[in-house]
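J.: attaching a predicted model along with its sequence, questions to come.
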Amino acid sequence: SPPPPSPPPPSPPSGGIIRLAISLTTLAVVVLWLFGLTNPSPTPSLPPPAPPSPELPCGLDFTADRKLRKGAVQNEWCYNSGVYPASAVYDTDAAAECESFYVDPIFELEDPVNYAFDCSGGCLPCTYIQGNDGKYRCKSQRC
């Protein structure tokens with residue numbers, strides 16, 4: 001007698017091959033996107049944000065009527081402005097001389113040769129003040 005017919009091969013679950021194909025396609029797109037090989041959604045590239053400018057500790061009114069000391073560019077600071085020496089008593093003339101200056105820039109610069117002395121590197125007025133040792137001297141003073 002002839003052998004019994006063999007049962008039909010099992011069929012895959014309904015839609016299983018289609019779901020597998022979609023999952024593999026999605027995985028391929030994600031992998032390509034992660035490695036920068038494709039850009040699934042074109043987005044305009046934005047310029048990098050500008051670096052923060054140093055915070056200016058004071059208003060700039062004092063720059064209008066004072067002489068410039070070129071701070072970090074030429075090592076000209078309040079303390080070496082010519083108002084010497086530190087005094088144990090308040091000296092009106094030394095105070096007037098000291099307070100006729102301001103310092104720009106107060107921060108180190110990446111390109112000091114082309115600095116415009118526009119307070120973008122920070123500015124401070126020179127102030128005749130009494131130090132912890134009781135002596136008066138010319139110093140830059142944060143406002």
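T.: Everything's here; your move.

J.: could you use CA atoms for every contact and neighbour count after this?
T.: Will do.

J.: my read: Ile119 touches Pro105, true?
T.: Just to correct that, residue 119 is Cys rather than Ile. Yes. The pair Cys119 / Pro105 is scored as a contact, 6.2 Å apart, by C-alpha atoms under 8 Å.

J.: the more surrounded of these two?
T.: Using other C-alpha atoms under 10 Å as the criterion, Cys119 and Pro105 rank with Pro105 on top: 28 against 18.

J.: in a helix, Glu97, correct?
T.: Yes. Counting by DSSP: H, G, I helix; E, B strand; the rest coil, Glu97 is located in a helix.

J.: which ones are touching the closest residue to it other than its chain neighbours?
T.: Spatial nearest neighbour of Glu97, chain neighbours left out: Val83 (6.9 Å); criterion: C-alpha to C-alpha, 6 or more residues apart in numbering. Contacts for Val83 (C-alpha atoms under 8 Å, 6 or more residues apart in numbering) come out as Ala94, Glu97, Cys98, Arg137, Cys138.

J.: next, give phi and psi for the first one.
T.: This points to Ala94. Ala94 has phi and psi values of phi -60, psi -40 when expressed as degrees, to the nearest 10.

J.: number of residues surrounding it?
T.: 20.

J.: from Asn132, how far off is it?
T.: 18 Å (C-alpha to C-alpha, to the nearest Å).

J.: please list all residues in contact with Ser100.
T.: Residues in contact with Ser100, defined by C-alpha under 8 Å, 6+ apart, are Asp65, Arg66, Lys67, Cys126.

J.: got a quick PyMOL command for the buried subset of the residues you listed?
T.: In PyMOL, this line selects whichever of the contacts of Ser100 come out buried by 16 or more other C-alpha atoms under 10 Å:
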select buried, resi 66+67+126
